[in-house]
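Participant: I'd like to go over a predicted model; first the sequence, then the structure.
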Amino acid sequence: MSAVYKGRALIPGDASGEVLLSRRAFTFAHGVDPSTGRVTDVHSDIRGENVKGKVLFYPFGKGSTTSSAWFLETAREGNLPAAIVTEATDLSAVIGSTLAKIVYGKGIPVASSFPREMYSSLRNGKQVSLKGDSGELVVPG
Amino acid sequence: MHLDSAQEKMLRGEEGEAKQLAMEIITKVGEAMAADSLVPIKSGHVLAHYSSLHEAGIEMLERFAGAGGTFAVPTTVDPASIDLENWRSFGIPEDYAEKQFRLCRAYSKLGGIPCWTCVQYQVCNFPKAGETVAWAESSAVVFANSLIGCRTNKITSGLDLACALTGLTPRFGMLLDENRRARVSFNVAAGSLSDLDYRSIGFFIGKTAGARVPVLSGLPRDITSDEVKHLGAAAAAAGPATMIHFPGLTPGSATETDASGGEKLERLDIQRKDLESVEGELNQTMERPDLVAFGVPHLSVSEMGDLAKRLVGRKLVEGIKMYVYTSTQSFDMAARSGIKSEIEAAGARLTHTTDAEISPLKRLGFNVVMTNSAKLAEIVSSEGEVKTRYASTDDIISEVTR
């Protein structure tokens, strides 16, 4: 049985991919190499992993207001995650995705505010899908 | 989200393509953030430095400028990735400089004020309490909300241009009273404080508060606005903080009860061991530095005067560079007052229009940077290319000068 969790779709859209889960504050600024999609932030618990095509989960954003610019460059290079899911709304991801759509036609869905119990069902590498406008995340059993 | 008829016009493209693109960004973000309307701003502050904006950012600014956009409100700009006057003498490669100059040309075409500083509130952009602005630069956002008492969200790159071009910003987050109330309380209980301690306190609360707005008590009554600037910058570098209530300093927050709106808060003491743990985290090595960097955020002229005093009669050790980053106005005042020549007599250099955390440090050949800036140490150590040393001004000077 799949579990379906309800959150809030900030940037609507469908996406599916492997889970990449960080439990620490996350930023694209100085934290992701746009030319590869690899996480370079030494303070990140997913350093060395690649965000490209993944459904990226993190609790909240941190740091510099340049994060959306790094996000946009990652879009230009074609290395964005498939979707981003956060606990607290990360404005950088919302703006980054909006810019990526307007400038390069490459926006990705962004969602937040899922129930806490969802996180215990997530494992890195597990396939999940985020559903369109309803903000539902489907986690296969 | 409600748009009035003038805003609808912009969105339909009747005010030109640049304003249409900008409105498209603002409305999408506004809807995502559940804003009910767009509100006018008194000023913008935007980012236009190559090290973060990359090719994509150049294309974005040039697209706005090419579409005939001009800023609708007075707009200032964060530092560039190079010293725009003296870049050659700092060893910046020609091709790198040209990328930055493309951003400068686009920014200038948009009609921005060419201040190139992260402390615009100290030199050229002065909102008053209660006004709404749309500023990028996380440290300036904390200063604006916490000490000036004006209202701004942490406006990230792209939205910054869109707000400045339309003179509008979506009404959400820190523009709303209920989100500005303190939700966690910190009390400094760490004895007498060095310049480093203010930064470490900021870093600790930024990290510990998470998304909760903090109130911070227990600071000395004579804390300077420069110390608040560095404390706030460190907090914003460590987490999502956009405001800190300083009882007695923050407009509207005479007491902790005012700050929280009467709610009883979780109260955490900041002890010496907490500051030591920040130092441990930001000190990645004990190796000798090849660069000492002061001024992330930019130093004021009085801070440079203080540094000059500490450097009297001392000389920088061979093989180490010391750069002091400041705004153009403070650079000029330091030159006129003799502070610049005093600092240079010790072997250090003043630089303006740029800052260390957005400079190509690795490309310039630096491997270990030593600083009293928690913000710089956090950014550089996150990147992992250049190692960081994090120490007080006195400890730095005693190690790198004779």
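Facilitator: Received, thanks. Numbering: from 1, shown residues only, chains lettered A, B, ... in the order given.
Participant: now do stretch B:309-319: distance from first to last residue.
Facilitator: Taking Cα to Cα, to the nearest Å, stretch B:309-319 runs 23 Å from one end to the other.
Participant: again with stretch A:73-91
Facilitator: 17 Å.
Participant: which residue ranges of chain B form strands?
Facilitator: B:38-40, B:44-46, B:75-77, B:134-135, B:168-170, B:184-189, B:214-217, B:266-271, B:291-299, B:321-326, B:349-352, B:368-371, B:387-390 (DSSP state E).
Participant: any chance of these in a markdown table, with mean pLDDT, mean neighbour count and distance to residue B:154 too?
Facilitator: Heads up, the C-betas are built off the backbone N, CA and C, glycines and all. Below are the strands of chain B laid out as a markdown table (pLDDT from 0 to 100; neighbours: other Cβ atoms under 10 Å in any protein chain shown; distance: least, Cβ to Cβ, whole Å):
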| stretch | mean pLDDT | mean neighbour count | distance to residue B:154 |
| --- | --- | --- | --- |
| strand B:38-40 | 98 | 17 | 16 |
| strand B:44-46 | 98 | 30 | 11 |
| strand B:75-77 | 98 | 28 | 16 |
| strand B:134-135 | 98 | 32 | 8 |
| strand B:168-170 | 98 | 28 | 12 |
| strand B:184-189 | 98 | 19 | 18 |
| strand B:214-217 | 98 | 25 | 15 |
| strand B:266-271 | 97 | 14 | 23 |
| strand B:291-299 | 98 | 27 | 15 |
| strand B:321-326 | 98 | 25 | 22 |
| strand B:349-352 | 98 | 22 | 25 |
| strand B:368-371 | 98 | 25 | 23 |
| strand B:387-390 | 98 | 24 | 24 |
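Participant: between these, which gets nearest to residue B:64?
Facilitator: strand B:44-46 (10.3 Å; Cβ to Cβ).
Participant: write out the residues of the stretch 101-250 of chain B neighbouring chain A.
Facilitator: Counting by Cβ under 8 Å from any Cβ of the partner chain, the stretch 101-250 of chain B comes close to chain A at B:136-138, B:141, B:153-160, B:173, B:210-211, B:236-240.
Participant: for the most centrally placed residue in chain A, which three-state class applies?
Facilitator: Nearest to the geometric centre of chain A sits residue A:84, at 2.0 Å (Cα atoms, centre = their mean). Following DSSP: H, G, I helix; E, B strand; the rest coil, the label given to residue A:84 is strand.
Participant: let me know whether the longest strand along chain A sits next to chain B.
Facilitator: Ranked by residue count and defined by DSSP E, the top strand of chain A is strand A:15-21. No. Strand A:15-21 lies apart from chain B when judged by Cβ under 8 Å from any Cβ; the minimum separation is 15.8 Å.
Participant: which is the succeeding secondary structure element to that strand?
Facilitator: strand A:55-58 (DSSP states H and E).
Participant: what strands line up against that following strand, and which way round?
Facilitator: strand A:15-21 (parallel), strand A:83-86 (parallel) (DSSP bridges).
Participant: okay, now residue B:159: neighbour count?
Facilitator: When neighbours are counted by other Cβ atoms under 10 Å in any protein chain shown, residue B:159 registers 31.
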